[in-house]
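S.K.: sequence unknown, structure follows:
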């Protein structure tokens, strides 16, 4: 009678050594997201991963608990297009805000008809007889409670870059873009108007109007515009204008200082990224 070989277990063989098993018993893995993030910090300290990798991984972990309502642009700050606006008005809005997509409404701002791509305005310029309605892309609506992980997946699968956020009562609460979501992982994404440090800070828009970076030194603004701005403890034009206004500026707000008219074009992280600046005298004679 031949010997019957012992049956093999279906479980995979545990190849961990005794010391490794002992170490895992003494130092178990993280039991919460906070502990996991602490583990990532330790991994960076031990040169296992770099700082950028650690920050991105942290972003992925934190994003799991975030919703569209957490990072959306609130409704009062949305740049909207009126379906009945003349072409010149649409063109100025696109130039001033530098967005690539705009929600379009009719009669009242809650009535969103669709999304207008800035590049599609070229079709109107070439063929004025076109109806702007024919250029609209379908608007995507999501609830404030929509998880960012799910939203990012839908953006990717549906090739959408913007969604209108709706509150629990069905009203427009704001909008969110794919850039807003990705920035939770990779940090701030530079847009087409951002510049590399030391490459420039003041750009001409024509007709004596200029785009000025909020981080531009006050001395630089004085020199460029031949003005004398108030002396304060602030070093940048963004900090000075916010101080003079008495609050954190919001997109679209205006302020006149030292003969210059400042319009807030773009904000991020509680600071002004870009102003539109023109001599105040031009406005008074307009």
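M.R.: Everything's here; your move. Bear in mind that the values here come from a model prediction, so they are computed numbers and not experimental data.
S.K.: What about residue 86, how many residues nearby?
M.R.: When neighbours are counted by other CB atoms under 10 Å, residue 86 registers 9. C-betas here are computed from N, CA, C, even on glycine.
S.K.: ditto for the one 10 residues further on
M.R.: Burial measure for residue 96: 16 neighbouring residues, criterion other CB under 10 Å.
S.K.: cool, the one 4 residues further on as well?
M.R.: Here the count is done by other CB under 10 Å, and residue 100 has 15 residues near it.
S.K.: Please apply the same query to the one 10 residues further on.
M.R.: The burial metric for residue 110, expressed as a neighbour count using other CB under 10 Å, is 11.
S.K.: and it, what pLDDT?
M.R.: Each residue has a pLDDT score; the one for residue 110 is 91.
S.K.: what residue ranges in this structure score low on pLDDT?
M.R.: For the chain, the stretches flagged by pLDDT under 70 are 1-32, 187-200, 269-270, 282-286.
S.K.: List of residues touching stretch 227-241?
M.R.: Contacts made with stretch 227-241 from outside it, assessed by CB atoms under 8 Å, 6 or more residues apart in numbering, are listed as 212, 214-218, 221-222, 243-244, 249, 255, 257-260, 262, 271-273, 275.
S.K.: swap in stretch 86-96?
M.R.: The contact list for stretch 86-96, computed with CB under 8 Å, 6+ apart, reads 79, 81, 85, 102, 116, 118, 121, 124-125, 128, 205, 263, 265, 276.
S.K.: and these, which of them are in strands?
M.R.: 81, 102, 116, 205, 263, 265, 276 (DSSP state E).
S.K.: neighbour-wise, which of these leads?
M.R.: Neighbour count (other CB under 10 Å) singles out residue 116 as the most crowded of the ones in strands among the contacts of stretch 86-96, with 25 neighbours.
S.K.: Would you map the helices across the stretch 101-250 of the chain?
M.R.: According to DSSP state H, counting those that start in this stretch, the stretch 101-250 of the chain carries its helices in the segments 121-126, 148-158, 178-186, 218-225, 237-245.
S.K.: Give the other helices and strands that the shortest one contacts.
M.R.: Other helices and strands packing on helix 121-126, by 3 or more CB pairs under 8 Å, 6 or more residues apart in numbering; DSSP states H and E, are helix 87-97.
S.K.: Go through the helix it packs on and flag the buried ones.
M.R.: By neighbour count, with 16 or more other CB atoms under 10 Å as the criterion, the buried positions of helix 87-97 are 90, 93-94, 96-97.
S.K.: Export those to a markdown table and append columns for distance to residue 51.
M.R.: What follows is the buried residues of helix 87-97, written out as a markdown table (distance: CB to CB, whole Å):
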| residue | distance to residue 51 |
| --- | --- |
| 90 | 43 |
| 93 | 39 |
| 94 | 37 |
| 96 | 37 |
| 97 | 33 |
